[in-house]
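[1] quick one, fold the following:
(one chain, ligands or ions: 1)
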Amino acid sequence: MKKAKRLSQVQASLTLAITAKAAAMKNEGIDIISFGAGEPDFNTPAPVIEAAKNALDNGMTKYTAVAGLPALRAEIAAWYSREFGIETSADQVIVGVGGKQVIYNAIMSIIDPGDKALIPAPYWLSYPAMVHLAGGDVAFIDTKEDENFLMTPNMLEEAIVKHTPALLILNSPSNPTGQAYTENDLRALADVLRRHPDVNILWDNIYAHLTYGGFKHVELSKVAPDLAPRIVTTGGFSKSFAMTGWRLGFAIADPERIRMMSTLQSHSTSNATSFAQAGAIAALKLDKNILEDMRKTFENRRNIVLDEISKIDGVSCAAPMGAFYVLLNCKKFCNIEHGLHWIQSDIDLAKFILEEGHVATVPGSAFGAPGYLRLSFALDEDSIRKGIQRIGAALESLKA
Ligand SMILES: Cc1ncc(COP(=O)(O)O)c(C=O)c1O
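    Next comes the predicted model:
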C-alpha cells in the first residue's frame, strides 16, 4: 500500500491516544474523570437547533456558495464589527467546515514548500502539522512560564531575523495555556511586525469570548489596522457557542486572501453544511445572556480548578485568562522511579495518572510543553473537584 511522503510529517495526535485509552477503560466500567475534552459539555443553544431544523424543513438541502451563505457572511461581518470595533464587510469573510479547516485553508494559501512559519510554544498541536502538510518548515519560539507563556517583542524580533518566516501564528486566548495578549502586548508585537513587511500573520481568536477575571480580549487588527492586509483572523462557532459538532468556522481577511481561500475550498469541501449555516445565523443573533451564562459557568470552574490545584504539593499553574484549559507544571514528577513505575516524562505521568488515579489528562509534550499536563475544565464542578483530588492523591503516592 502506498503511503504519501507527507504523512511522515504528521503523527496521529497524542490527545486522541490518551482519549482512546480513557474511553476503553470507561467501557470496562471504570469510573474515569476526563480533563481531556477540547469541547464545551453544554448542548448547543435551542434557538440555533431550531433554526437548523427549520432550514431543513424548508428544503435548505442543497450546495451553498463556496464562501458561505451571503446572509451568514454578512451576519459574521456585522457581528465581528460590533464585537471588536473593526469595520468589516461580507467580502472579507469566508465560512468553512470548522475553525480547523479555515486555518488549514489559510496556511495552504500562504505557505509554499520550504517556507518557514513561526509558532510560539506551547501551541495548539494542529498548527505545526498543517504547516508541514503545506510543505513548510516550523520554527518554534519557546515562551516562558514566568512570562505567562507569552511571546515577547524581543523573542519575535530575534526569530524573524533568524528565520525570515512567511507566517507567524498567534492564538489568543491560547490552547493549551489559557494565556492571552493584552492590548499593550499586541502594540509592542505590532511594532516588530511593522519592521518586517513580508511576515503574514494568522491570528486565531477562537476563544475570544471565553475570558475570565475581567480580562477583555482585543483583536490584533484593532490594535494595528495598518497590518490588517496581512492578517488572517480565524474563529468559529465550536467553543463559545457550544457547536463543535456543527463544524463551522470562519476567517476574516483582506478580500484577496478570502478569494484565495475560496479557490482552495472549492476543490476540497466546497461549502460548509447548508442547514448548519442557517443555525449559525441564529447563533450570532442569540440573546447575549445565553452565551454569558456559559462563560460564567466556565469562569466558576476555572476558579475551582485553581483552588484545587493550589492544594497539591509540587505542582503549579498560571491562572488562565481565557479558553478552558490550564497547563499544570508537573516537572517535579517527570523523573521519578517509584516501585514498578519509572516516570520519565509527562507522557508517562499522564499514563500513570490515568491508570492509578483514573483521571485523563493530556501530556504537555503534545503541545510543545514537556513536563506539563493540560487539563480542560469543560466538565461539571463535582467532577473537577474529585478529579483534581485524585490527581493530587496519585502524585502524593509517588512521593511515598
Ligand atoms: C486553538 C484552536 N484553534 C482552532 C480550533 C478549531 O476548532 P473547530 O475546528 O472546532 O472550529 C481549536 C479546536 O480545538 C483550537 O483549540
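[2] okay, and the helix or strand of the chain with the least pLDDT?
    helix 14-27 (a mean of 81; mean pLDDT, DSSP states H and E).
[3] tell me what that helix is packed against?
    On a contact count with 3 or more CB pairs under 8 Å, 6 or more residues apart in numbering; DSSP states H and E, helix 14-27 meets helix 346-357, strand 359-360, strand 362-363. Any C-beta I mention is one placed from the backbone N, CA and C, and that applies to glycine too.
[4] how about the CA coordinates for it, as PDB?
    What follows is helix 14-27, C-alpha atoms only, in PDB (Å, rounded to 0.1, in the frame of the first residue of the first chain):
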ATOM      1  CA  LEU A  14      -1.300  12.300  21.300                       C
ATOM      2  CA  THR A  15      -4.500  13.800  22.500                       C
ATOM      3  CA  LEU A  16      -6.500  11.200  20.700                       C
ATOM      4  CA  ALA A  17      -4.300   8.300  22.000                       C
ATOM      5  CA  ILE A  18      -5.000   9.200  25.700                       C
ATOM      6  CA  THR A  19      -8.700   9.900  25.000                       C
ATOM      7  CA  ALA A  20      -8.900   6.400  23.300                       C
ATOM      8  CA  LYS A  21      -7.300   4.700  26.300                       C
ATOM      9  CA  ALA A  22      -9.600   6.600  28.700                       C
ATOM     10  CA  ALA A  23     -12.600   5.600  26.600                       C
ATOM     11  CA  ALA A  24     -11.500   1.900  26.600                       C
ATOM     12  CA  MET A  25     -11.200   2.000  30.500                       C
ATOM     13  CA  LYS A  26     -14.600   3.600  30.700                       C
ATOM     14  CA  ASN A  27     -16.000   0.800  28.600                       C
END
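[5] contacts for that helix?
    Residues from elsewhere that reach helix 14-27 (CB atoms under 8 Å, 6 or more residues apart in numbering): 32, 34, 36, 38, 125, 347, 350-351, 354, 358, 360-363, 365-366.
[6] the residue positioned nearest the centre of the chain in helix, strand or coil?
    When CA atoms, centre = their mean is applied to the chain, the residue found nearest the centroid is residue 175 (4.4 Å). The local conformation at residue 175, judged by DSSP: H, G, I helix; E, B strand; the rest coil, is coil.
[7] how near is the residue lying closest to residue 380 once chain neighbours are set aside to residue 301?
    Spatial nearest neighbour of residue 380, chain neighbours left out: residue 41 (7.2 Å); criterion: CB to CB, 6 or more residues apart in numbering. In this view, residue 41 and residue 301 are 10 Å apart by CB to CB, to the nearest Å.
[8] of the two, who's got more company?
    Higher neighbour count among residue 41 and residue 301: residue 301, with 22 against 16, using other CB atoms under 10 Å.
[9] quick one: residue 335 and residue 346 touch, right?
    No - between residue 335 and residue 346 there is no contact under CB atoms under 8 Å: 10.7 Å.
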